[in-house]
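[1] my questions concern the predicted model and sequence given below.
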Amino acid sequence: MKQSIPAQEKESILNELGKANKAFQKIYPGDKPDRQPVHTVYGGADLFTADSAEKMGQAALKTLLNNAPNFVEFAKAIELSGHETLPSNAAEIEKLIKKMDGLSETDRKKETAWLSYTTYNKVIAKLKAEALEDFRIDFEDGFGNRSWDEEDATAVQAATEVAKGMKANSLSPFIGIRIKPFTEDLKERGVRTLDIFLTTLSEQTNGKLPNNFVVMLPKVSIPEQVSALVKLFETIEANTQIPSGALKMEMMVETTQAVIDKDGKNPLRTFVEASKGRMIATAFGTYDYTAACNITAKYQDMGHAVCDFAHHFMKVSLGATGIWLSDGATNVMPIGPHRGDNLTAAQLAENKMVVQRSWKKAYNHTRYSLWKGLYQGWDLNPAQFPMRYAAVYSFFLESYEDAAKRLKAFVEKAARATLTDDVFDDAATGQGLLNYFLRAINCGAISADDVTATGLTMEEIRTRSFLKILENRRKKMAN
């Protein structure tokens with residue numbers, strides 16, 4: 001065939017394009033396949049102990065069993081898909097529970113009660129095994145402005161409890177601290193707490209940090225605040241036993257200036273660049289952000305349109321960069337108004353009504369976040385955990401069959417390309433589908449065996465990378 005482009009000229013153009021493509025790929029490597037927690041729990045630093053994770057799990061399970069003692073009541077409370085078909089009569093509920101308990105998983109899936117039954121039992125199993133996934137020892141809003149002596153002592157105490165938890169293996173899988181913001185009036189207090197906490201922890205652990213440890217910087221509005229934290233990390237690492245580069249950070253998007261800066265530009269990417277590779281996540285602060293938008297307290301809600309605006313800016317600014325995104329929290333707590341051991345039937349009923357109503361509100365918020373592609377959010381109290389996991393599990397379970405078919409078709413398409421030595425350039429889409437299953441596995445919604453229905457082997461799934469799967473298949477074909 002005749003061609004018009006001289007080989008030397010084509011090579012020069014493509015080499016130049018290759019440099020630009022590689023620079024782009026470096027900035028946008030795609031979503032990280034690593035495990036991302038489904039929630040972060042913020043709790044006052046003065047209340048944190050080495051066994052906080054266990055205590056929260058017990059409290060969460062107690063809340064669930066007291067306010068929804070069976071899957072039917074739980075499904076009706078949060079209005080899971082298919083809840084309308086479930087019985088209301090106590091005798092009929094008991095009969096349905098026994099029936100579902102006696103069926104095989106294959107037969108259960110044929111029942112309309114399957115989603116409600118499965119979600120409820122998975123929530124119970126999760127609360128017993130690993131109720132708390134991620135915790136922030138909070139020196140900001142959850143701690144408040146106290147005397148410097150009190151915050152100093154609390155920083156030492158919290159670091160000591162973390163060290164105890166590391167030794168006892170009792171910490172949550174992800175953990176960190178939230179310091180005060182680096183605004184002009186609070187920067188010295190934020191730095192002092194950071195220094196005391198990390199220096200104390202290093203002394204007690206010989207420089208070892210907990211797994212997945214991170215420092216949260218709130219109310220970021222200019223890149224210099226991020227740069228300052230990085231410089232402080234470098235100084236602390238140089239003067240303690242903490243290894244160089246070990247300290248990681250995340251930031252909160254809760255000011256309007258974090259979305260649009262003084263020049264009318266979106267600054268989120270500059271914040272990430274200022275972190276010099278230490279930024280792993282950004283979290284949205286619902287109530288500070290809505291307040292900054294002059295939304296009155298009554299309407300400060302995760303479902304407000306101003307939150308959607310900020311969420312989408314976060315998505316388009318940081319999508320495919322490997323930075324995790326997290327939504328905010330529902331601040332209506334599922335806690336009944338009546339306390340004590342000798343409550344009347346009316347008081348118990350009112351407590352249950354309040355809890356279930358709060359669950360429903362937070363469930364709707366969480367499902368809305370998932371619908372927008374935000375797979376992590378905040379929780380503020382263990383009583384919210386049942387709702388959190390119910391929302392996440394039902395979200396993945398409802399989509400499982402369709403997602404499995406799509407990934408299976410995608411794997412087969414890639415395999416055909418491999419067999420014919422064709423170029424398969426949709427690995428990013430394949431990774432997105434694979435990430436769906438990795439998230440579902442990580443949170444406990446499905447088992448690893450469920451993913452094999454996609455045509456992938458367990459060995460391939462463990463690579464957590466669609467590109468590696470394709471590369472390994474090509475190598476096997478070549479051999």
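    Thanks, I have it. Residues are numbered from 1 along each chain as shown.

[2] helices or strands up against the lengthiest helix in the chain?
    The longest helix of the chain (DSSP state H) is helix 385-419. In this structure, helix 385-419 makes packing contacts with helix 52-67, helix 71-78, helix 114-130, helix 345-371, strand 377-379, helix 427-443, helix 448-451, helix 466-478, judged by 3 or more Cβ pairs under 8 Å, 6 or more residues apart in numbering; DSSP states H and E. From N, CA and C alone the C-beta is placed, and that goes for glycine too.

[3] now the angle from that helix to helix 52-67?
    With axes from the mean of the first three to the mean of the last three Cα atoms, to 10 degrees applied, the angle from helix 385-419 to helix 52-67 works out at 110 degrees.

[4] between the helices and strands packed on helix 385-419, which gets nearest to residue 321?
    Closest to residue 321 of the helices and strands packed on helix 385-419 is helix 427-443 (Cβ to Cβ; 12.8 Å).

[5] tell me the mean pLDDT over that closest one?
    The average pLDDT within helix 427-443 is 81.

[6] nearest the geometric middle of this structure, what residue?
    By Cα atoms, centre = their mean, the chain has its centre lying nearest to residue 376, at 2.8 Å.

[7] tell me the contacts of the residue lying closest to residue 352 once chain neighbours are set aside?
    Leaving aside its sequence neighbours, residue 352 sits nearest to residue 67 (Cβ to Cβ, 6 or more residues apart in numbering; 5.0 Å). Applying Cβ atoms under 8 Å, 6 or more residues apart in numbering to residue 67 gives the contacts 77, 334, 351, 352, 355, 356, 359.

[8] chain neighbours aside, what residue packs nearest to residue 311?
    Closest residue in space to residue 311, ignoring its immediate chain neighbours: residue 372 at 5.8 Å, by Cβ to Cβ, 6+ apart.

[9] for the worst-scoring helix or strand of the chain on mean pLDDT, enumerate the helices and strands it packs against.
    Within the chain, confidence by mean pLDDT, DSSP states H and E is lowest for helix 466-478 among all helices and strands, at a mean of 75. In terms of contacts (3+ Cβ pairs under 8 Å, 6+ apart), helix 466-478 is packed against helix 385-419, helix 427-443, helix 458-463.

[10] mind redoing it with 6 Å?
    Packing partners of helix 466-478 (3 or more Cβ pairs under 6 Å, 6 or more residues apart in numbering; DSSP states H and E): helix 385-419, helix 427-443.

[11] tell me how far that helix lies from the chain's centre.
    Computed by Cα atoms, centre = their mean, to the nearest Å, the chain-centroid distance of helix 466-478 equals 30 Å.

[12] residues of that helix that come out buried?
    For helix 466-478, the neighbour count (16 or more other Cβ atoms under 10 Å) marks 466, 467, 469, 470, 473, 474 as buried.

[13] and stretch 278-285, by the same measure?
    Neighbour-count burial for stretch 278-285, with 16+ other Cβ under 10 Å as criterion, is recorded at 278, 279, 280, 281, 282, 283, 284, 285.

[14] pretty sure the fifth one is in a helix, no?
    No. Counting by DSSP: H, G, I helix; E, B strand; the rest coil, residue 282 is located in no helix; its state is strand.

[15] quick check, pLDDT for it.
    Note for residue 282: predicted pLDDT of 97.

[16] so what sits opposite it in the bridge?
    Counting by DSSP bridges, residue 282 is bridged to residue 251, residue 325.

[17] looking at it, it is touching residue 251, isn't it?
    Yes. If you go by Cβ atoms under 6 Å, residue 282 and residue 251 touch, sitting 5.5 Å apart.

[18] hmm, back to that, now render the buried residues of helix 466-478 as CSV, adding distance to residue 198.
    As requested, those are exported to CSV (distance: Cβ to Cβ, whole Å):
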residue, distance to residue 198
466, 37
467, 36
469, 39
470, 42
473, 45
474, 45
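
[19] and those, which is closest to residue 50?
    residue 466 (39.1 Å).

[20] wait, the closest one sits on residue 431?
    Yes. Shown here, residue 466 and residue 431 form a contact pair, counting by Cβ under 6 Å, at 4.1 Å.

[21] and residue 136, helix, strand or coil?
    From three-state DSSP, the assignment for residue 136 is strand.

[22] how many residues are close by it?
    Burial measure for residue 136: 24 neighbouring residues, criterion other Cβ atoms under 10 Å.

[23] where along the stretch 101-250 of the chain do the strands fall?
    Per DSSP state E, counting those that start in this stretch, the stretch 101-250 of the chain carries strands over the ranges 134-138, 174-178, 213-217, 249-253.

[24] go through those and name the closest to residue 401.
    Nearest of the strands of the stretch 101-250 of the chain to residue 401, taken as Cβ to Cβ: strand 134-138 at 29.4 Å.

[25] can you tell me which helices and strands that closest one packs against?
    So strand 134-138, by 3+ Cβ pairs under 6 Å, 6+ apart, packs with strand 39-44, strand 174-178.

[26] list of residues touching the last one?
    In this case it means strand 174-178. 37, 134-138, 140, 197, 210, 212-216 (Cβ atoms under 6 Å, 6 or more residues apart in numbering).

[27] wait, which of these is closest to residue 364?
    Nearest member of those to residue 364, counting by Cβ to Cβ, is residue 37, at 21.0 Å.

[28] wait, the closest one touches residue 132, no?
    No. Between residue 37 and residue 132 there is no contact under Cβ under 6 Å: 9.2 Å.

[29] okay, the two: which has more neighbours?
    Neighbour totals were compared for residue 37 and residue 132, and residue 132 leads with 26 against 22 (other Cβ under 10 Å).
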